[in-house]
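# coordinates only, sequence not included:
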């Protein structure tokens, strides 16, 4: 339906000729990922593509709410992991402890709120 996967990027639906599939992708993608517009490169994630196929081709129910929640949790987890690595690098650069750096960052957040 989507051809070969585009590496880790997922599948392209640019050449998909099933109008029902394309319409469903355009309807669900912005809702699931919290986007206002569709992607210009027309690449969708592998799990999202599987959900579309299960829903349209196999006529089974898909819990898009659950899918969206799991996707959001994964994105937050990756972001938190990235932030921890940034803090660790800052600790090395400044010669402070992790607690000191986190406290400094907390103070900066409070100052921007005022």
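Structure received. For clarity, every value in this text was computed on a predicted model and none was experimentally measured.
# which one in the protein is furthest away from the centre?
residue 95 (33.9 Å; CA atoms, centre = their mean).
# avg pLDDT for the longest helix seen in the chain?
Longest helix of the chain, by residue count under DSSP state H: helix 64-94. For helix 64-94, the mean per-residue pLDDT is 84.
# just stretch 36-44 next, same as before
For stretch 36-44, the mean confidence score works out to 77.
# distance of residue 14 from residue 49?
13 Å (CB to CB, to the nearest Å). No exception for glycine: its C-beta is placed from N, CA and C like everyone else's.
# Look at those two and report which has more neighbours.
More neighbours surround residue 49 than the other of residue 14 and residue 49, with 21 against 11 (other CB atoms under 10 Å).
# wait, what's in contact with the more buried one?
When contacts are counted by CB atoms under 8 Å, 6 or more residues apart in numbering, residue 49 touches 2, 10, 11, 13.
# Assumed it was part of a helix.
Yes: when classified by DSSP: H, G, I helix; E, B strand; the rest coil, residue 49 is found to be part of a helix.
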